[in-house]
Structures are given as C-alpha cells and as structure tokens.
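# Curious how this folds, go ahead:
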Amino acid sequence: MNKKLLRVGTIYIPVTDIEISSQWYVNKLGAELSYKDKDKAILNFANQSFFLVKSKEEQSSNFYDTYGEERFSISFEVDGLNSLETIHHEFIEQEIRVGKIENRGHDGRNFVFYDLDGNKFDVWSELSQLFKEKYCISE
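So this is what the prediction gives:
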C-alpha cells in the first residue's frame, strides 16, 4: 500500500464558551482566528489548525492513564531549553495555569499548561528532526 497518512490536519478541543475561549487562544497563545460562529471557532497556530467546539461543562480533551493520572493529548514543541524556559515564564506572566519544568527521563524538558476549560497541554523543549529538516532549522 503506497498511501499513508501524511499529517494531522485538525485537532478538536472542547470548550464551553466559543467567544471567551477563542479570544484566550488568540491573546495568550498567539493563535490566528480564521472563522467563528456560535458553535465553533477555527484557529491556526503552531503549524496546525485547531477547532474549538462548544461542549458541555466539565468536558475536556484530557484522559486518565492506567494509574489514574490525568494526561494531555497534545504536546507542543519549542526549539531548545532556553525557548522552553522563556515561554514558561511568559505563560506565568500571562497568568496561564502552568506546571513546573520537569525532567521526565528523556531528552529535553517539559511543562504542562491548561486553557480556561482545563484542557491540559504539554510543551517539550525538543523539536522533531523531521520538522528541523523541513524548515531548515539548524542545531
């Protein structure tokens, strides 16, 4: 079979208030708003398209692993530890709920952050090799 999945086109994130959440993503994460109605907003950031979808209260994209730990389903990448520390500091200044910078036993460092609805996201200090090659980012 020569056909293969080439990329993730869109990620869907449940939110309770489209207007407030879309402004949060634009103002806090630098997203570009490309469409909005009462049920959804389409945002572009981090080389990705995100749909914010109006959902019920207490709904999030998080899940629990076999040990009962709440997990994120999306991990963003930044270019190195300095970038990770800078964005962590900026998120704190913007009053985004963030976790501490962690060493998880693999290359790089990580921290988590949350949006207004409690959707949990990860930030990792290591850009993937494929992304570096495609966008000519040298080490």
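
# Report pLDDT for Leu127.
On pLDDT, Leu127 comes in at 77.

# how long is stretch 119-128 end to end?
Separation of the first and last residues of stretch 119-128 by CA to CA, to the nearest Å is 23 Å.

# So which other helices or strands are in contact with the host helix or strand of Ser75?
Applying DSSP states H and E as the criterion places Ser75 in strand 74-77. Contact here means 3 or more CB pairs under 8 Å, 6 or more residues apart in numbering; DSSP states H and E; on that basis strand 74-77 packs against strand 120-124. In short, each C-beta sits where N, CA and C put it, glycine included.

# Relative to the whole chain's centre, how far out is the strand it packs on?
Distance of strand 120-124 from the chain centroid (CA atoms, centre = their mean, to the nearest Å) equals 6 Å.

# hang on, Glu85 in a strand?
No - per DSSP: H, G, I helix; E, B strand; the rest coil, Glu85 lies outside any strand segment and is helix.

# what's the neighbour count on it?
Neighbour count of Glu85, defined by other CB atoms under 10 Å: 15.

# Can you tell me the closest non-neighbouring residue to it?
With sequence-adjacent residues excluded and distances taken as CB to CB, 6 or more residues apart in numbering, Glu85 is closest to Ile101, at 6.9 Å.

# go on, Asp107?
Asp107 sits nearest to Glu126 (CB to CB, 6+ apart), 5.4 Å away.

# and what of Asn44?
Nearest to Asn44 is Glu32, by CB to CB, 6+ apart, at 4.6 Å.

# go on, Gly80?
That would be Ser125: by CB to CB, 6+ apart, it lies 5.9 Å from Gly80.

# which residues touch that neighbour?
The neighbourhood of Ser125, defined by CB atoms under 8 Å, 6 or more residues apart in numbering, consists of Glu77, Val78, Gly80, Leu81, Ser83, Leu84, Gly108, Arg109, Asn110.

# which of the residues you listed are buried?
Buried subset of the contacts of Ser125 (neighbour count, 16 or more other CB atoms under 10 Å): Glu77, Val78, Leu84, Gly108, Arg109, Asn110.

# Tell me the one of those nearest Leu5?
Comparing these against Leu5 with CB to CB places Glu77 closest, at 19.1 Å.
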